[in-house]
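> everything below, folded, please.
(one chain, ligands or ions: 2)
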Amino acid sequence: MRWREAGSLGVPGHPGLALWALLLLLLLLLLPALTPAHAAWWFMSQLSASYTSTRVHCKNIPGLVRRQRVLCNRHPDAMMAVTEGAVQGVRHCQKQFQDARWNCSTIPRDASVFGRHVLKTGTRESAFVYSINSAGVVHAVTRACSRGAITNCACDLTKKGTDRDWTGQFTWGGCSDNIRYGTAFARKFIDARDRGQRDSRALMNLHNNRAGRKGVRKKMRLECKCHGVSGSCTVRTCWQTLAPFGATARWLKGRYDEATEVSMLPSGEGLVPRFGEHEAPRKKDLVYLESSPDYCLADSSYGFTGTGGRQCNVTSRGPDGCDLLCCGRGYDTHRRLITTKCECKFQWCCSVDCKTCESWRDLHFCKPWEDAAKSTASSL
Ligand SMILES: *[C@@H]1O[C@H](CO)[C@@H](O)[C@H](O)[C@H]1NC(C)=O
Ligand SMILES: *[C@@H]1O[C@H](CO)[C@@H](O)[C@H](O)[C@H]1NC(C)=O
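Numbering: from 1, shown residues only. Ligands and ions are numbered 1, 2, ... in the order given. Predicted coordinates for the structure are as follows:
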């Protein structure tokens with residue numbers, strides 16, 4: 001019976017052929033979904049808000065491994081927070097690196113999001129991306145939990161009784177942010193791809209994911225309410241609360257600046273500093289396996305844009321200065337008419353009146369560069 005049905009697909013006399021063709025087609029369609037080598041879970045940050053506002057469609061997200069898909073189906077409410085966390089991670093990565101040659105830019109509709117190099121090469125930048133996205137998820141899931149947006153999690157009520165901080169004694173109360181739930185969920189979901197793998201890159205990712213989680217916990221702070229005679233604050237009720245994510249992002253940028261180059265022990269048991277004189281990386285440190293390219297040239301095959309065309313600052317000696325940003329290749333100067341508000345006067349009462357002033361200003365842009373991938377291709 002089955003043969004007949006398949007035969008009706010239009011290859012009379014060769015029903016088996018049609019079936020095989022169909023199978024082959026299905027296999028070809030499924031193949032990219034089975035091997036998401038250039039995709040990462042943080043592709044969720046690129047899905048539009050309308051797509052994720054009601055429910056995350058787990059099967060349509062490239063880059064999730066099987067274990068992640070299971071978690072995705074099981075915890076749709078937490079997945080909304082994971083998406084928020086990834087968006088937050090990307091935004092703050094770009095903020096921290098806005099002056100640098102590598103500026104954490106994303107590639108539209110690319111499943112690797114930041115370019116393949118972040119997934120393929122174990123650089124410092126890659127370490128930062130893993131840690132900040134991991135931190136973003138801890139932060140967002142913890143926050144969602146306190147809001148009551150996640151079914152099986154609530155405020156951290158394990159903190160009870162009295163405690164002390166540097167100003168004295170207080171009583172735990174209110175709703176402490178449940179960082180333990182956020183941390184546990186982020187770990188289960190994000191580490192799923194690398195857990196149990198024995199290669200150096202997996203160890204690197206796991207280490208940096210953990211540093212990201214630590215970065216959120218480290219920045220938590222105590223918030224208190226005073227009771228007692230006319231606000232004298234003799235009696236305090238306190239709870240633990242998350243800091244704005246920017247605090248964690250800045251902290252992780254500091255870890256990036258001091259990241260340790262490591263290699264894997266021959267036994268495969270762990271990572272040790274590449275250069276003997278360095279101290280063993282602590283849990284909060286970022287680690288990387290290979291040195292970074294200079295990011296001067298665009299390389300479309302790896303997904304970075306190069307610094308050609310970037311605006312630079314002629315007077316700055318920092319990374320945004322024209323010398324460093326343009327890699328010594330020089331810059332073009334464009335005179336632009338800039339409009340600003342000026343001569344503002346306070347009017348009684350209560351408004352501020354300003355004039356619009358125009359002035360010419362010189363803006364500087366790095367000279368354009370050729371694409372490294374294209375130029376090697378054309379010279380072949
Ligand atoms: C990063 O730099 C490129 C140019 O090299 C620019 O097109 C892009 O908008 C920048 N991205 C961000 C997030 O600033
Ligand atoms: C350029 O750099 C100088 C020195 O760091 C700084 O004072 C100035 O505000 C910068 N200019 C712009 C346009 O960012």
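> which residues does the nearest residue to residue 173 once chain neighbours are set aside bridge with?
The shortest distance from residue 173 to any non-neighbouring residue, by C-beta to C-beta, 6 or more residues apart in numbering, is to residue 237 (3.8 Å). No exception for glycine: its C-beta is placed from N, CA and C like everyone else's. Beta-bridge partners of residue 237, counted by DSSP bridges, are residue 171, residue 225.
> what's the neighbour count on residue 237?
Residues contacting residue 237 under the criterion other C-beta atoms under 10 Å number 14.
> surely it and residue 223 touch.
No - assessed by C-beta atoms under 8 Å, residue 237 is found out of contact with residue 223, at 9.7 Å.
> any shared contact partners between these two?
Common neighbours of residue 237 and residue 223 are listed as residue 174 (criterion: C-beta atoms under 8 Å, 6 or more residues apart in numbering).
> picking that back up, ok, now which ones touch the residue nearest to residue 173?
Taking C-beta under 8 Å, 6+ apart as the criterion, residue 237 is in contact with 170, 171, 172, 173, 174, 224, 225, 227.
> repeat that for residue 262.
Counted by C-beta under 8 Å, 6+ apart, residue 262 has contacts 204, 271, 272, 273, 274, 281, 287, 288, 289.
> ok, residue 223 next?
174, 238, 239, 240, 241.
> after the lengthiest helix in the chain comes which helix or strand?
For the chain, the helix with the greatest residue count under DSSP state H is helix 124-147. Once the chain leaves helix 124-147, the next helix or strand it forms, by DSSP states H and E, is strand 162-165.
> now the host helix or strand of residue 186, how far from the centre of its chain.
Element membership for residue 186, per DSSP H and E: helix 179-190. How far helix 179-190 lies from its chain's middle: 15 Å, per C-alpha atoms, centre = their mean, to the nearest Å.
> now stretch 271-285
Counting by C-alpha atoms, centre = their mean, stretch 271-285 comes out at 24 Å from the chain centroid.
> need the distance between the two termini of it.
Start to finish, the residues bounding stretch 271-285 are 12 Å apart (C-alpha to C-alpha, to the nearest Å).
> for the helix or strand hosting residue 79, name the packing helices and strands.
According to DSSP H and E, residue 79 maps onto helix 76-96. For helix 76-96, the contact count by 3 or more C-beta pairs under 8 Å, 6 or more residues apart in numbering; DSSP states H and E identifies helix 66-74, helix 124-147, helix 179-190, helix 245-257 as packing neighbours.
> what's the spacing between the closest residue to ligand 2 within the stretch 51-200 of the chain and residue 274?
With C-beta to the nearest ligand atom, the shortest gap between the stretch 51-200 of the chain and ligand 2 falls at residue 99, namely 9.1 Å. Separation of residue 99 from residue 274 (C-beta to C-beta, to the nearest Å) stands at 28 Å.
> confirm that residue 223 sits in a strand.
Yes - counting by DSSP: H, G, I helix; E, B strand; the rest coil, residue 223 is found in a strand.
> what residues does the protein put near ligand 1?
94, 98, 103, 105, 305, 306, 307, 309, 310 (C-beta under 6 Å from any ligand atom).
> quick one: which of those residues is nearest residue 293?
Of all those, the one with the least separation from residue 293 (C-beta to C-beta) is residue 306, at 10.3 Å.
> need the contact list for the nearest residue to residue 132 once chain neighbours are set aside.
Once flanking residues are discounted, residue 132 sits nearest to residue 89: 4.7 Å by C-beta to C-beta, 6+ apart. Listed by C-beta under 8 Å, 6+ apart, the contact set of residue 89 reads 42, 45, 129, 132, 133, 134, 135, 136, 137.
> residue 281 now?
Per C-beta under 8 Å, 6+ apart, neighbours of residue 281: 207, 260, 262, 271, 273, 287.
> one more: residue 85?
Counting by C-beta under 8 Å, 6+ apart, residue 85 has contacts 133, 136, 137, 138, 139, 140, 141, 186.
> swap in residue 362?
Taking C-beta under 8 Å, 6+ apart as the test, what residue 362 contacts is 333, 334, 335, 336.
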